[in-house]
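> the following block contains a protein sequence and its predicted model.
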Amino acid sequence: MIKILDCTLRDGGYLNGWNFGKDIIKQTIEALSDSGIDYIEGGFLTDIKIFDENKSLYKDAGLLNKYKTASYSLMLNFGTDTTDLVFNKNIEIRLAFKPQNLSEIKEFCAPYIELGYKISLNPMHIGLYTDDDLKILADITNELMPACLTLVDTMGILTPKKTVSLFDYFNSSVNKNIPLGLHSHDNLNFSKKNIIAIMEMHLNRDIIIDTALNGLSRGGGMFSTEVLADILNKADKVRYNTDKLKTVSNLFKHLTPSDKFKQAYYFSAKNKCHPNYAMFLVEHDCPLNKMQDILLKIPDNHKMNYTEKVIKEIYSK
């Protein structure tokens with residue numbers, strides 16, 4: 001079955017510093033829950049110094065329990081200091097990591113999983129994984145039995161053909177009881193095609209698609225929650241209240257990235273660069289006709305991992 005995980009309050013936070021306001025956070029979570037959305041990513045689990053109820057950043061995962069749905073998750077970036085973080089058995093932790101972290105994932109996750117916490121794996125930059133990386137990831141997934149394995153297209157470079165190839169590989173190599181997910185950024189305008197391609201595979205397992213209200217996220221945006229809900233309603237029995245989704249999505253229209261941002265992220269995906277390089281160039285008023293040349297100058301060993309010093313030096317020249 002195809003299910004929806006809404007990322008608005010987490011991925012959309014890149015556009016406003018996660019400062020949505022406590023009332024908007026509450027309205028969003030309740031509307032998503034009331035509309036039947038399967039999973040809600042409430043924000044980041046992170047080592048913030050002081051909790052601010054207006055931001056979707058949490059040190060204590062249990063703070064989400066005050067809302068009336070139990071289908072929550074929080075994103076945790078690998079490498080975050082977890083000393084003072086409070087995990088919660090009702091809140092799924094989505095661990096985001098890069099290919100170079102693969103050797104450390106089992107050591108990090110195993111104790112939490114053994115204690116009954118829900119951990120899902122979110123390998124970033126999945127489009128750049130080597131065949132060896134993919135095999136290691138599949139082996140780790142089968143050993144840990146996480147809540148989900150979500151393939152993250154960080155730079156928005158996946159094509160439908162590549163997406164199908166990846167899902168075919170993991171469908172055949174990962175335990176059928178583990179859902180497979182896709183987190184797709186629309187930098188190259190392939191998100192909808194990638195999602196439709198997965199749906200047409202008719203895989204015999206749960207598939208979880210990450211979306212955001214009004215397509216709100218960094219990069220070229222994500223596929224919108226309300227549109228995917230409408231597609232699934234038409235393809236199967238009606239499961240989602242799309243009227244509620246469209247109403248709450250209006251709360252975020254003012255955060256929709258400009259055409260200049262979208263074009264910049266297109267260039268970053270085309271050159272297989274981290275999207276933050278595009279964000280830097282837009283914020284520094286770089287003309288669109290110069291962006292391509294600048295992004296081409298980023299050394300290969302810095303493309304995947306954003307390094308502000310690198311782009312500053314290139315831009316200043």
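Okay, I see it. Owing to the predicted nature of the structure, the values given are computational and were not obtained by experimental measurement. Numbering: from 1, shown residues only.
> how much space between the nearest residue to residue 176 once chain neighbours are set aside and residue 310?
Closest residue to residue 176 apart from its sequence neighbours, by Cβ to Cβ, 6 or more residues apart in numbering: residue 205 at 5.2 Å. For glycine as for every other residue, the C-beta is placed from the backbone atoms N, C-alpha and C. Shown here: residue 205 relative to residue 310, a distance of 40 Å by Cβ to Cβ, to the nearest Å.
> same check, this time on residue 130
23 Å.
> ditto for residue 193
Residue 193 is 32 Å from residue 310, by Cβ to Cβ.
> helices along the chain, start to end?
Ranges of helices in the chain, per DSSP state H, are 8-11, 22-34, 102-114, 131-144, 160-173, 191-199, 225-235, 242-249, 259-270, 275-283, 288-296, 300-303, 308-316.
> can you give me the strands for the stretch 1-150 of the chain?
2-6, 39-45, 57-58, 72-77, 92-97, 119-123, 149-153 (DSSP state E, counting those that start in this stretch).
> okay if I get the ones you listed as TSV plus mean pLDDT and distance to residue 23?
Output for these, formatted as TSV (pLDDT from 0 to 100; distance: least, Cβ to Cβ, whole Å):
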stretch	mean pLDDT	distance to residue 23
strand 2-6	96	18
strand 39-45	96	15
strand 57-58	96	17
strand 72-77	96	18
strand 92-97	97	25
strand 119-123	98	29
strand 149-153	97	29
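> need the ones you listed in CSV with distance to residue 103 and mean neighbour count, can you?
As requested, the strands of the stretch 1-150 of the chain are arranged in CSV below (distance: least, Cβ to Cβ, whole Å; neighbours: other Cβ atoms under 10 Å):
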stretch, distance to residue 103, mean neighbour count
strand 2-6, 27, 24
strand 39-45, 23, 26
strand 57-58, 28, 22
strand 72-77, 17, 22
strand 92-97, 10, 23
strand 119-123, 13, 24
strand 149-153, 17, 25
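> any regions of the chain where pLDDT drops low?
Within the chain, the segments meeting pLDDT under 70 span 68-70, 258.
> outline the domain layout of it.
2-255, 259-316 (automatic domain parsing).
> quick revisit: and for the residue nearest to residue 176, the neighbour number?
Residues lying near residue 205 (other Cβ atoms under 10 Å) number 14.
> repeat for the one 3 residues further on
Here the number of neighbours of residue 208 (other Cβ under 10 Å) works out to 21.
> once you drop chain neighbours, what's closest to it?
residue 181 (3.9 Å).
> could you do residue 14 as well?
residue 218 (3.7 Å).
> looks like the one you found contacts residue 16 (just checking).
No: applying Cβ atoms under 8 Å as the test, residue 218 and residue 16 come out as separate, 10.8 Å apart.
> neighbour count: those two, which is higher?
residue 218 (22 against 15).
> for that one, give me its contacts.
Contact analysis of residue 218 by Cβ atoms under 8 Å, 6 or more residues apart in numbering lists 11, 14-15, 185, 275, 279.
> now do the phi/psi pair for it.
The phi/psi pair for residue 218 (degrees, to the nearest 10) reads phi -80, psi 180.
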